[in-house]
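> Attaching a predicted model along with its sequence, questions to come.
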Amino acid sequence: KNQVEQSPQSLIILEGKNCTLQCNYTVSPFSNLRWYKQDTGRGPVSLTIMTFSENTKSNGRYTATLDADTKQSSLHITASQLSDSASYICVVQPSGGSYIPTFGRGTSLIVHP
Amino acid sequence: SAVISQKPSRDICQRGTSLTIQCQVDSQVTMMFWYRQQPGQSLTLIATANQGSEATYESGFVIDKFPISRPNLTFSTLTVSNMSPEDSSIYLCSVAVPPSNTGELFFGEGSRLTVL
């Protein structure tokens, strides 16, 4: 069964600090891995997308890494801002014709001033 | 990219009633999906809305409970029928930008339903 596990479940940090969120998956073979940001009361918005051959992808202060051998990904947030408070969801898209991705439960990040 | 408008954004409903959620996309898309997001849980795919034919439902979801319409390539509705408190959730409309099996998913803002 395809699974995506995220850790930690929740995280509280001070504004300006860095943090790293983890994603472990069992989806194989996979086409791509995406990180989404979901603000409270809003729909998820894509931050990064990586294919299995990519190791890292940046989007401003967000940097995602991927190790396809260990089936792990991380999302690093640099110099956090209050607006980074949100849920971050790891999503893995299988290959082989299936269009149904597997979603993680998300990591809830709270940035305090 | 795709811009998705979903309504209502939230509603409070009585047990036993039904509610229809609308999803409007600013461009024609082939793949349109309906997801449910229960508190503290990941997104769960309810069904794929197929234009001109019956929706394809995932395990655990049935047409009688979640009838879906897809009259054209820019619009779809999801009805939550005979609601119970267990149906309290966020319902999200999503579209895939081609190629659908590798492309990005875009989401509406969600419809937060509370069933009393």
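Here it is on my side, so go on. Numbers count the residues shown, from 1 in each chain, chains lettered A, B, ... in the order given.
> Give the other helices and strands that the lowest-mean-pLDDT helix or strand in chain B contacts.
Lowest by mean pLDDT, DSSP states H and E among the helices and strands of chain B is strand B:105-107, with a mean of 90. In terms of contacts (3 or more CB pairs under 8 Å, 6 or more residues apart in numbering or on different chains; DSSP states H and E), strand B:105-107 is packed against strand A:45-51, strand B:89-96. Backbone N, C-alpha and C define where each C-beta goes, glycine included.
> C-terminal to that strand, what's the next element?
strand B:111-115 (DSSP states H and E).
> List the contacts of that following strand.
A:41, B:6-15, B:19, B:21, B:80, B:83-92 (CB atoms under 8 Å, 6 or more residues apart in numbering or on different chains).
> mind showing which ranges of chain A have poor pLDDT?
A:97-98 (pLDDT under 70).
> Where does the residue in chain A positioned nearest to chain B sit, in terms of helix or strand?
Across chain A, no residue is closer to chain B than A:Gly43, which sits at 3.4 Å (CB to the nearest CB). Using DSSP H and E, A:Gly43 maps to neither a helix nor a strand.
> didn't it look like it was pressed against B:Glu109?
Yes: shown here, A:Gly43 and B:Glu109 form a contact pair, counting by CB atoms under 8 Å, at 4.9 Å.
> which residues sit in contact with the nearest residue to A:Ala68 once chain neighbours are set aside?
What sits nearest to A:Ala68 in space, not counting adjacent residues and going by CB to CB, 6 or more residues apart in numbering or on different chains, is A:Phe52, at 4.9 Å. If you count contacts by CB under 8 Å, 6+ apart, A:Phe52 has them with A:29-32, A:66, A:68.
> tell me the two of those residues that are most distant?
A:Pro29 and A:Leu66 (13.8 Å; CB to CB).
> more neighbours, the two?
Neighbour tally, A:Pro29 and A:Leu66, criterion other CB atoms under 10 Å in any protein chain shown: the higher count belongs to A:Leu66, 24 against 9.
> partners of that one in the sheet?
A:Ser73 (DSSP bridges).
> and it, what does it touch?
A:33, A:50, A:52, A:54-57, A:72-73.
> Could you list the buried residues of stretch A:41-49?
The neighbour-count check on stretch A:41-49 (16 or more other CB atoms under 10 Å in any protein chain shown) flags A:43-44, A:46-49 as buried.
> JSON lines for these, including distance to B:Pro71?
Below are the buried residues of stretch A:41-49 laid out as JSON lines (distance: CB to CB, whole Å):
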{"residue": "A:Gly43", "distance to B:Pro71": "22"}
{"residue": "A:Pro44", "distance to B:Pro71": "26"}
{"residue": "A:Ser46", "distance to B:Pro71": "28"}
{"residue": "A:Leu47", "distance to B:Pro71": "33"}
{"residue": "A:Thr48", "distance to B:Pro71": "35"}
{"residue": "A:Ile49", "distance to B:Pro71": "31"}
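> Show me the residue sitting in the middle of chain B in space.
Central residue of chain B (CA atoms, centre = their mean): B:Trp34, 3.0 Å from the mean position.
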